[in-house]
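Asks: Whatever this is, show me its structure:
(2 chains)
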Amino acid sequence: MSPGRSVLLAAMQRKRIKEVLAAEEPLGEVRVQGWVRTRRDSKTFSFLEINDGSSLGSLQAVYDASRPGYPEHLPLLQTGASVEITGTVVRSQGKGQSWELQVQTLQVLGSAPETYPLQKKRHTREFLREIAHLRPRSNLFGAVFRIRSRLSYAIHQFFQERGFVHVHTPIITASDCEGAGEMFRVTTLEGNAFSAPGAETRDFFGKRAFLTVSGQLEGETFACAFSNIYTFGPTFRAENSNTARHAAEFWMIEPEMAFCDLIGDMEVAESLIQYLIRDAMDHSSEDLAFCDEFVDRGLLERLRLIAGQPFARISYTDAIEILLRSGRSFEYPVVWGHHLQTEHERFLSEEHAKGPVTIFDYPASIKPFYMRQNEDGRTVAAMDLLVPGIGEIIGGSQREERLDRLTGAMSAQGLSESDYWWYLDLRRYGTVPHAGFGLGFERLVMLVTGVENIRDVIPFPRTPRNADF
RNA sequence: UCCGGCAUAGCUCAGCGGUAGAGCGGGUGGCUGUUAACCACUAGGUCGUAGGUUCGAAUCCUACUGCCGGAGCCA
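Replies: Prediction:
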């Protein structure tokens, strides 16, 4: 493809701005491409801040008024315009940057008229959400999405280094009782055909189908073949949740380990979180420093704390005792057998543990059927990892590997064995103790960046009444 | 879904019964190795939508819509 060839040649000569800014010695002549962040004019030249997304920092280009084309270019070089520049990288005469680019030739690829909504001033996150297609060009969202990308890479690295097999579990599922959560219906039926009697049998899959709320059950099947596996994919919940922590479409990491119990599960969860935080501090330090300064002062200190010490572990029963003895009056009563409320979880992580805390061994009555029943006859081997400010970031359990116990729990919760025949087969043929958990990827990005709304850590958030872009 | 709050120029907000203002951004001019640049001038709004109260509504009332915060559900 001939156009591809010229693009490739151009790409070979192009320097990313991150490289230019990090140079140890003069780079000489380079070509950069990017977007104008801001312009400051002098009588005889202009300063252009050029950003190409490779880093938070922009490159200052000095455009001399005597250069051919300057008078025609100037009115086009507004905030947001795209440019290609060749020039010489020299030590900056001014303060604030080590290097700057002396423009030799400049080409305006696309101007940005005054209707360009991103101004050179701070914008609210709410406004930026309305221009989700342009917000990645802002400092904050540039930092957030570079960090998100790096975290995604580090997740694969963590598991691959430890011999975990990555499994692509299905997005569309036909088991309409995967567990908790309202599900989105997937159908090709329209109008009257949708509501007609027996419609499901004439639908695409010949039965009701949904978007997945978890890859766990399928993940277990692969764990019972490869020993250690993980999934990392989109997940869908149709709940009408309107909070800063919930989205209808989000990404989840779900490792599943055969020959593993709840203790091993908690250990993997802790080392994963600590590994990811350390990786971000090592490889996204500039973006994190920006978040520390403009989003959440104290972020870096908190991340260092989380990465540097073992997480507290408290059994649910002990947690109830701690809450009861705290002397605090909670809006919701603290009762063994009830769910921990947000206010309870916040107390445990923010005030009692002052850091991440894993709560384990929950009452069986408030947990799904697949969790392993403990010998006390009333709790299951479940665990939730709570972090300050966000709450639950990981939920997991050891799975019930004993067929009779599993079918017993299913009938107690009114589930039909025939719907889960393949899941039960795992217990019929070569069953093993196994455990796993789900890590909400966006909640992880929130933890690492300090950004407090899930809508600001996912490129195009889907929430009730919002599926624009 | 429930509770509370908000909706005024491109953005952030003030005005809270007598029919609109600031800062920033935009435009024009000036100035300076500038860097949230600076100085001067200038153009932008049927005050979310629909009703109602009133001589008169951005301002009071009702409904609706949207957004924000908290809660539930959870990752």
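Asks: Show me which residues of the longest strand along chain A are buried.
Replies: The residue-count maximum for a strand in chain A (DSSP state E) belongs to strand A:28-41. Buried residues in strand A:28-41, counting neighbours by 16 or more other C-beta atoms under 10 Å, are found at A:30-37, A:39. Heads up, the C-betas are built off the backbone N, CA and C, glycines and all.
Asks: Which neighbouring elements make contact with that strand?
Replies: When contacts are defined as 3 or more C-beta pairs under 8 Å, 6 or more residues apart in numbering; DSSP states H and E, strand A:28-41 packs onto helix A:2-13, helix A:17-21, strand A:45-51, strand A:59-64, strand A:82-91, strand A:99-110.
Asks: Could you dump these into JSON lines with mean neighbour count added?
Replies: Formatted as JSON lines, these follow (neighbours: other C-beta atoms under 10 Å):
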{"stretch": "helix A:2-13", "mean neighbour count": "9"}
{"stretch": "helix A:17-21", "mean neighbour count": "18"}
{"stretch": "strand A:45-51", "mean neighbour count": "20"}
{"stretch": "strand A:59-64", "mean neighbour count": "21"}
{"stretch": "strand A:82-91", "mean neighbour count": "17"}
{"stretch": "strand A:99-110", "mean neighbour count": "17"}
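Asks: what's the closest of the ones you listed to A:E331?
Replies: For those, proximity to A:E331 was assessed by C-beta to C-beta; strand A:45-51 is nearest, at 46.5 Å.
Asks: Partner strands of that closest one and their direction?
Replies: Strand A:45-51 pairs in its sheet with strand A:28-41 (antiparallel), strand A:59-64 (antiparallel), by DSSP bridges.
Asks: does RNA strand B sit close to that strand?
Replies: Yes - counting by C-beta under 7 Å from any atom of the strand, RNA strand B is contacted by strand A:45-51 at A:F47.
Asks: quick one, what contacts the residue in the stretch 51-200 of chain A that RNA strand B sits nearest to?
Replies: Closest residue of the stretch 51-200 of chain A to RNA strand B, C-beta to the nearest atom of the strand: A:G94 (2.1 Å). When contacts are counted by C-beta atoms under 8 Å, 6 or more residues apart in numbering, A:G94 is found next to A:60, A:100.
Asks: Kindly list the main-chain dihedrals of it?
Replies: The phi and psi values for A:G94, taken as degrees, to the nearest 10, are phi -90, psi 170.
Asks: So for it, what pLDDT did the model give?
Replies: Listed pLDDT for A:G94 reads 85.
Asks: Can you classify A:E392 by secondary structure?
Replies: Classification of A:E392 using DSSP: H, G, I helix; E, B strand; the rest coil returns strand.
Asks: any idea how far it is from A:D292?
Replies: Distance of A:E392 to A:D292, given as C-beta to C-beta, to the nearest Å: 24 Å.
Asks: Okay, and the beta partners of the residue in the stretch 301-450 of chain A that RNA strand B sits nearest to?
Replies: Relative to RNA strand B, the nearest point of the stretch 301-450 of chain A is A:G440 (2.5 Å; C-beta to the nearest atom of the strand). Per DSSP bridges, the residues bridged to A:G440 are A:M252.
Asks: Next, count neighbours for it.
Replies: Per other C-beta atoms under 10 Å, the neighbour tally for A:G440 reads 23.
Asks: what's next to the longest strand of chain A, contact-wise?
Replies: Under C-beta under 8 Å, 6+ apart, the answer for strand A:28-41 is A:10, A:13-17, A:20, A:46-53, A:58-59, A:61, A:74, A:77-89, A:101, A:104, A:109, A:112, A:120, A:137.
Asks: Excluding sequence neighbours, find me the nearest residue to A:G53.
Replies: When the adjacent residues along the chain are set aside, A:G53 lies closest to A:G142, with 6.3 Å between them (C-beta to C-beta, 6 or more residues apart in numbering).
Asks: Give the buried residues for the strand or helix carrying the one you found.
Replies: Element membership for A:G142 (DSSP states H and E) is helix A:139-161. For helix A:139-161, the neighbour count (16+ other C-beta under 10 Å) marks A:139-148, A:150-152, A:154-155, A:158-159 as buried.
Asks: Please name every helix or strand in contact with the next helix-or-strand element following that helix.
Replies: Helices and strands here follow DSSP H and E; after helix A:139-161, the next one along the chain is strand A:165-166. Here strand A:165-166 touches helix A:139-161, strand A:228-236, going by 3+ C-beta pairs under 8 Å, 6+ apart.
Asks: Next secondary structure element downstream of strand A:165-166?
Replies: Using DSSP H and E, the helix or strand that follows strand A:165-166 in sequence is strand A:172-173.
Asks: quick one: stretch A:329-349 near RNA strand B?
Replies: Yes - applying C-beta under 7 Å from any atom of the strand, one finds stretch A:329-349 touching RNA strand B at A:332, A:339, A:341-343, A:345.
Asks: Neighbour-wise, which one of these leads?
Replies: A:E345 (22 neighbours).
Asks: list the contacts for whatever residue of the stretch 151-300 of chain A ends up closest to RNA strand B?
Replies: Proximity of the stretch 151-300 of chain A to RNA strand B (C-beta to the nearest atom of the strand) peaks at A:N242, 3.2 Å away. Applying C-beta under 8 Å, 6+ apart to A:N242 gives the contacts A:463-464.
Asks: let's see it at 7 Å
Replies: The contact partners of A:N242, by C-beta atoms under 7 Å, 6 or more residues apart in numbering, come to A:P464.
Asks: Now do the same for it: helix, strand or coil?
Replies: coil.
Asks: how does chain A divide up, domain by domain?
Replies: By the assignment in automatic domain parsing, chain A contains the domains A:2-110, A:135-171+A:212-456.
Asks: among those, where is the model least confident on average?
Replies: Out of the domains of chain A, domain A:2-110 stands lowest, with a mean of 87 (criterion: mean pLDDT).
Asks: From the chain's centroid, how far away is that domain?
Replies: Distance, stretch centre to chain centre, for domain A:2-110: 32 Å (C-alpha atoms, centre = their mean, to the nearest Å).
Asks: Check stretch A:413-423 too.
Replies: Here stretch A:413-423 is found 32 Å from its chain centre; the criterion is C-alpha atoms, centre = their mean.
Asks: Render the CA-only coordinates of it in CSV, please.
Replies: The C-alpha trace of stretch A:413-423 is given here as CSV (Å, rounded to 0.1, in the frame of the first residue of the first chain):
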residue,chain,number,x,y,z
GLN,A,413,-31.1,-20.9,46.8
GLY,A,414,-33.7,-22.2,44.4
LEU,A,415,-31.3,-22.9,41.5
SER,A,416,-31.9,-25.6,39.0
GLU,A,417,-29.1,-28.1,38.6
SER,A,418,-29.8,-28.7,34.9
ASP,A,419,-28.9,-25.0,34.2
TYR,A,420,-25.5,-25.6,35.7
TRP,A,421,-24.8,-29.2,34.4
TRP,A,422,-21.4,-28.2,33.0
TYR,A,423,-20.4,-26.3,36.1
